[in-house]
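In: Below is the sequence, then the predicted model.
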Amino acid sequence: MASSWCWNCLSRLRPLSRALTAPSATPRISSAPFHSTAVQYAQPAKKKGGSLTVMKHRQSTSLRRKKKKVTERSRPPAVGERKALRKRIVLSNPNALEVEGMLDLSPETMVDSRLRGTVLGLPVPMIDRLRAVQAFKPKQGWSIFRRPGTVLRRDTIEMGRLFEQISGEGDNAQKGKVVKKIVTGMKGSGKTVHLLQAMTMAFLKNWAVVAIPDARDLVSGGTAYAAIEGSNPTQYVQPNATSALLSRTVDANRELLASLKVSQKHPNLKMLKPNSTLEDLAKLGFTDPAVSWAVFQALWTELTATAPAEGLEKNFQPRPPMLVTVDGLAHWMTESAYRSADYKLIHAHDLSFVNHFLSLLKDGDSLKNGGLLLYSTSSSNNPNPEGFKIALDRLAARRAGISPSSPEYPHLSAYSDADPRVLDLFQSAEKSLELQTLSGLTREETRGFMEYFARSGLLREIINDQWVSEKWSLSGGGVIGELEKLGRRVRGTVSASK
Amino acid sequence: MVFILGVNFPERNLLKASRTLTQSGQQKSLETFFGIGNNTSARLMSRFNIHPTCRVGELANKQVLDLTAVLSEMKIENDLRREVLNDIKRMKETGTYRGRRHALGLPVRGQRTRTQIKTPVKLNRMERRL
């Protein structure tokens, strides 16, 4: 402790009590030899270390912070779990009200024009089979209703009648007829659900159903491919995709395939036992992908056979008509993501799987026992190849009666890079191919559809003509996808509108 | 586990590297070989009809053998490293401008040196490593 006397001037400094000075916050300076000024008056010591204002040469001036390491706390989801969640299809909602008096889609109701505009439930035994052919898509609104149902619209009734005709029932039966259609329409117009209705009808009529739920899967480079040796131009098989198709087809048509016996000779398939059913035949393919393409071809010849081969007449039963559906056709009208051995993109038509299904569109009886080809486009996932667009326009023009020589007929623009292979395909299919454009529902159908929402407890509105008319306009003229969006928007209170 | 050119590849790995997986830095793929990048690996795979999202476990035996055969003939890994180092050494020895820049730890291809020359400072030195 310094003395309270200054030795230099001998003046008395202000006395301070000991208690105040003792716990001094300032550091005690003991090395100030010639002055005895009290420690508490001393300047605080300067901090050591470089200040920010002193720049070093070539040093960045930006503020550097150490990044915090993100430590993973939970385990990542198991392999395939996220995809399973993404692709999950929920078909029932126990919170939704059960709609009383709801009819099922059946051979009788699907052609009944009195029921037009009502929502018909999908028959319960069909649901597993429809799941097997992947007729339901994850983003469709099945999960808001008690049970899956579809609206019976004009196109559905027409299709029902077509099914009757081809099956050889009804007034103007045309057994063995083949109808080839491309289904188009704007986004949300119900193209995929139209295919689903077709599949349900086909199951109800005991047809064979072969469905390709997403055409893109075959050309996006996500499944194995192999060149067929000796083919010119080189064709490619997709063994895994084929065996997946076989397994889907067997799951969906198990009863039918189990009841039909092999009636043709298949020299390529040595492991096929005599007298086996078509189910056994198809099973060969999905246990061993290497032979799946040969098995698929064999199954196809069996299903389209009209008469048995020699020596196999004993077990032959007439084959049923077939329904073939493809969703997202536009992906097949351009080059695929696969590459050939010399690193050129492979055209989708060179994949023999794709080529098989496209060649069914060409003129002539591709399905010998009759049936329906429904190939739909997709508007939400569309590569929009120019050749396909022009080909569809031409198809529409031809149906409208415009001759190819007239100036209104869609022509290629001068520098168009439309794919000649696509144009050729449609050229060779022009006689039998039809274009079906799905548009919006009518007002009456809209009313029936919205009433279904109300009766399921989703919509708390009084449904009258004015309200329906408003929603019909809001949905762009009854586009069913837009109507669904309007219907599922839950309101808290009952609107007072009358 | 599948051996391709003496390297052990876990079966569930993508054969070609996908962007998300390589970021984690743990995936072994064709592109982990020095000298094989996006283009080379894509060409290699299309040569043997292997689809772009193929996993190592999905390869047929023949495809594995074919890949190994082709890879063993390519100049990759240490051979390629040696070649690049030799090229740099030759430039240094003949005293070319590029050689000098390599030796001085400065950018070689005419970049400015006022800022942003971290990479040459790090890499270009007398005893160059790759």
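Out: Noted; the coordinates are in hand.
In: Extract the residue ranges of chain B that are flagged as low pLDDT.
Out: Chain B contains residues with pLDDT under 70 at B:18-28.
In: Do you have the helices of it handy? List them.
Out: B:19-23, B:38-47, B:61-73, B:77-94, B:97-104, B:118-123 (DSSP state H).
In: Could you dump those into JSON lines with mean neighbour count and distance to chain A added?
Out: Every C-beta, even on glycine, is put in place using the N, C-alpha and C of the backbone. As requested, the helices of chain B are exported to JSON lines (neighbours: other CB atoms under 10 Å in any protein chain shown; distance: least, CB to the nearest CB, whole Å):
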{"stretch": "helix B:19-23", "mean neighbour count": "11", "distance to chain A": "12"}
{"stretch": "helix B:38-47", "mean neighbour count": "16", "distance to chain A": "4"}
{"stretch": "helix B:61-73", "mean neighbour count": "14", "distance to chain A": "10"}
{"stretch": "helix B:77-94", "mean neighbour count": "13", "distance to chain A": "21"}
{"stretch": "helix B:97-104", "mean neighbour count": "16", "distance to chain A": "16"}
{"stretch": "helix B:118-123", "mean neighbour count": "12", "distance to chain A": "10"}
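In: For these, give me a markdown table that also has distance to residue A:179.
Out: Below are these laid out as a markdown table (distance: least, CB to CB, whole Å):
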| stretch | distance to residue A:179 |
| --- | --- |
| helix B:19-23 | 45 |
| helix B:38-47 | 40 |
| helix B:61-73 | 43 |
| helix B:77-94 | 60 |
| helix B:97-104 | 72 |
| helix B:118-123 | 66 |
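In: buried set for stretch A:316-325?
Out: A:316, A:319, A:320, A:321, A:322, A:323, A:324, A:325 (16 or more other CB atoms under 10 Å in any protein chain shown).
In: Buried residues in stretch A:113-129, which are they?
Out: For stretch A:113-129, by 16+ other CB under 10 Å, it's A:115, A:116, A:117, A:118, A:119, A:120, A:121, A:122, A:126, A:127, A:129.
In: show me the contacts for residue A:484.
Out: By CB atoms under 8 Å, 6 or more residues apart in numbering or on different chains, the residues touching residue A:484 are A:141, A:188.
In: What does the pLDDT read for it?
Out: Residue A:484 is assigned a predicted lDDT (pLDDT) of 92.
In: buried residues in the host helix or strand of it?
Out: Assigned by DSSP states H and E, residue A:484 belongs to helix A:480-488. Using 16+ other CB under 10 Å as the test for burial, helix A:480-488 gives A:480, A:481, A:482, A:483, A:484, A:486, A:487.
In: ok, the closest residue to residue B:16 other than its chain neighbours - contacts?
Out: Excluding the flanking residues, the one nearest residue B:16 by CB to CB, 6 or more residues apart in numbering or on different chains is residue B:41, at 4.9 Å. Residue B:41 makes contact with B:16, B:17, B:29, B:30, B:31, according to CB under 8 Å, 6+ apart.
In: Could you rerun that using 10 Å?
Out: By CB atoms under 10 Å, 6 or more residues apart in numbering or on different chains, the contact set of residue B:41 is B:15, B:16, B:17, B:29, B:30, B:31, B:32, B:33, B:50, B:52.
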